[in-house]
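Participant: No sequence on hand, only this structure:
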């Protein structure tokens, strides 16, 4: 038996899971290095139970579980968002494919009158919105600031 083989069995023998074989006993009788390793392991086994055991705070388990749930929830949210984007892209491709098929088969015919009507509608809408653009800009800015402050108060770690 070699020193490495003895070293691998020391813990198991001291824990009572194994017993020293006759080869191991013969090696231990002649090897002072292995004897000192066994003595050191026995000393450690006597010393460890005397150490104080720290008890975790009462909220430790619930805190860890809350963090695990929060991390799992974030992962699920990211997965759900990706799934929703993939579904939306798929639906958009289906709608575009159906529209393209209808267009190429002649079911949908857009005449010059429809294009002119849409161009006029866009021009009239733009002419009506243009004078109110500063008001819309200020309203959008205020809304954005309000949402930003709301988000900040929800996510800031205030010391209480």
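Facilitator: Structure received. Here the structure is a predicted model, which means the values were calculated and not measured. Residues are numbered from 1 along each chain as shown.
Participant: Flag every buried residue along the host helix or strand of residue 27.
Facilitator: Using DSSP states H and E, the element containing residue 27 is helix 22-30. If you call a residue buried by 16 or more other C-beta atoms under 10 Å, then helix 22-30 has these buried ones: 24, 27, 28. (Glycine included, C-beta is placed from N, CA and C.)
Participant: which one of those residues is nearest residue 122?
Facilitator: Nearest to residue 122 among those is residue 24, at 92.4 Å by C-beta to C-beta.
Participant: Count the residues that sit near the closest residue to residue 34 other than its chain neighbours.
Facilitator: Nearest in space to residue 34, with sequence neighbours left out and distances taken as C-beta to C-beta, 6 or more residues apart in numbering, is residue 6 at 4.7 Å. Look at residue 6: counted by other C-beta atoms under 10 Å, it has 21 neighbours.
Participant: follow-up on the earlier one: now do the helix holding residue 27: which elements does it pack against?
Facilitator: helix 3-15, helix 32-47 (3 or more C-beta pairs under 8 Å, 6 or more residues apart in numbering; DSSP states H and E).
Participant: and residue 105, which of those is closest to it?
Facilitator: Using C-beta to C-beta, the nearest of those to residue 105 is helix 3-15, at 77.5 Å.
Participant: Mean pLDDT lowest where, among the helices and strands packed on helix 22-30?
Facilitator: Mean pLDDT is lowest for helix 3-15 out of those, coming in at a mean of 87.
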